[in-house]
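Peer 1: please work out how this folds:
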Amino acid sequence: MPTAKPDLLLHVGTPKTGTTSLQFALHKSHDLLLGCRILYPDVDLHPAPPKHQWIASHLLADELDMFARNIDAVARQADRSGADTVVLSTEGIFNHWSDFSPAARLALGELNRNFSVKVWCVFREPLSFAMSFYGQLLKNGPSHFSPCYGTSLAPEDIVDHPWFAKRLDYRGFIEGIGDLFPAVAVTRYESSDTVDQARSLLGVGEDVLPETPMRNQSPSALGAELMRRLNRLGPETGERDALVTMIAEIDHRLRPVSEPLCASEAVAEKVRTLSEVSARYLTERFDISWSHRGGA
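Peer 2: Below you'll find the predicted structure:
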């Protein structure tokens, strides 16, 4: 009789929804989870935060043989460890879904060969997500995979950019990845709630998956303006990294007296328009709804 495939909880994002805390918690609790036959694999694990970034990286670069080798390595690790549930986590699947080639998406679907896959995506209220995601894009280094990484655009302009606007199409992402993996769990982001949602999905308690508070701080209005100015200058990568760290330190020290990064009414209206169909879809299908907020 053939052995049943292990379950796979594929956490696909979104960014700015407590993913860093979740990934550190899963990694730190590796042995406790394994005692419950749950594996958070260390195959090609990105160190900080400890996430499976190779999934998005190999798919973006169409390095499909390398992607397949990593899938096989995860399956072997699950078999050796006796795990009947595997967890993979990277927000890059959501973040770059529209950037993947058709062949890359088909390769992602090959996870079905080794695992019984359930996709898990955490969605944040669209305006809050847009502003927080914008802050992250300011800090990210320029990349040919995204025209918005290292942006110098103002919020009023970034929401008009097609790449950015596509990230507010929650419905399109769910339906697209649902074509590969029909089992899709969608939850609503609430501050400090993502690890608790993971416990529920995995059927474990706080003793097995304790909270590991780690927050990727969004910039204030001052920090965002400094980052925009830096990005307009376009320094080399090494110099930019040092300057980004310096700006983050300045922003941290002045945060008590700095204005938060908030959306203007023009930005809020554009985000409402872009996210209207998705918001209605999430309410009707998953009973998820929000009131709009403007902070990052």
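Peer 1: run a quick neighbour tally on Glu156.
Peer 2: 12 (other Cβ atoms under 10 Å). Bear in mind the C-beta positions are built from the backbone N, C-alpha and C, glycine included.
Peer 1: contacts for whichever strand or helix holds it?
Peer 2: Assigned by DSSP states H and E, Glu156 belongs to helix 155-158. Outside helix 155-158, the residues that touch it by Cβ atoms under 8 Å, 6 or more residues apart in numbering are 130-131, 134, 137, 148, 151, 164, 263-264, 266-267, 270.
Peer 1: who wins on neighbours among those residues?
Peer 2: Ranking the contacts of helix 155-158 using other Cβ under 10 Å puts Ala130 first, with 28 neighbours.
Peer 1: quick one, domains of the protein?
Peer 2: As assigned by automatic domain parsing, the chain contains the domains 7-125+169-215+274-286, 221-257.
Peer 1: among those, which is nearest Val159?
Peer 2: domain 7-125+169-215+274-286 (7.0 Å; Cβ to Cβ).
Peer 1: hang on, the earlier thing: buried set for the helix holding Glu156?
Peer 2: Applying a neighbour-count criterion of 16 or more other Cβ atoms under 10 Å, one finds 155, 158 buried in helix 155-158.
Peer 1: do the same with stretch 137-149
Peer 2: Within stretch 137-149, judged by 16+ other Cβ under 10 Å, the buried ones are 137-139, 146, 148-149.
Peer 1: in the helix or strand following the helix holding Glu156, which residues are buried?
Peer 2: Per DSSP H and E, the first helix or strand lying C-terminal to helix 155-158 is helix 162-166. Going by neighbour count (16+ other Cβ under 10 Å), the buried part of helix 162-166 is 164-165.
Peer 1: check stretch 111-127 too.
Peer 2: Those would be 111, 114-127, for stretch 111-127 by 16+ other Cβ under 10 Å.
Peer 1: same check, this time on stretch 217-231
Peer 2: For stretch 217-231, a neighbour-count test (16+ other Cβ under 10 Å) marks 218-220, 222-224, 226-228, 230-231 as buried.
Peer 1: nearest to Arg188 among those?
Peer 2: Distances from Arg188 to the buried residues of stretch 217-231, taken as Cβ to Cβ, are shortest for Ser218 (19.0 Å).
Peer 1: what's near enough to touch the closest one?
Peer 2: Applying Cβ under 8 Å, 6+ apart to Ser218 gives the contacts 16, 131-132, 135-136, 261, 296.
Peer 1: most widely separated two among those residues?
Peer 2: Largest separation among those by Cβ to Cβ: Lys16 and Leu261, giving 12.4 Å.
Peer 1: for the stretch 1-150 of the chain, what spans make up the strands?
Peer 2: Remark: strands assigned in the stretch 1-150 of the chain by DSSP state E, counting those that start in this stretch are 7-11, 38-39, 85-89, 116-123.
Peer 1: of those strands, which approaches Met246 most closely?
Peer 2: strand 85-89 (30.1 Å).
Peer 1: packing partners of the closest one?
Peer 2: Judged by 3 or more Cβ pairs under 8 Å, 6 or more residues apart in numbering; DSSP states H and E, strand 85-89 is in contact with strand 7-11, helix 19-28, strand 38-39, helix 64-81, helix 194-202.
Peer 1: ok, residues contacting that strand?
Peer 2: Residues contacting strand 85-89 (Cβ under 8 Å, 6+ apart): 6-11, 19, 22-23, 26, 33, 37-41, 51-52, 55, 74, 78, 115, 198, 202.
Peer 1: so that strand versus strand 7-11, what angle?
Peer 2: Inter-element angle recorded for strand 85-89 and strand 7-11: 20 degrees (by axes from the mean of the first three to the mean of the last three Cα atoms, to 10 degrees).
Peer 1: show me the shaky parts of the stretch 101-250 of the chain.
Peer 2: Applying pLDDT under 70 to the stretch 101-250 of the chain picks out residues 192.
Peer 1: quick one: which of the contacts of helix 155-158 is nearest Ala68?
Peer 2: For those, the closest approach to Ala68 (Cβ to Cβ) belongs to Cys148, at 29.5 Å.
Peer 1: distance of the residue nearest the centre of the chain from Thr20?
Peer 2: Geometric centre of the chain, nearest residue: Glu91, 2.3 Å, by Cα atoms, centre = their mean. Between Glu91 and Thr20 the computed distance is 9 Å (Cβ to Cβ, to the nearest Å).
Peer 1: now Thr273
Peer 2: To Thr20, Thr273 is 30 Å away according to Cβ to Cβ.
Peer 1: which one's more surrounded, the two?
Peer 2: Using other Cβ under 10 Å as the criterion, Thr273 and Thr20 rank with Thr20 on top: 21 against 12.
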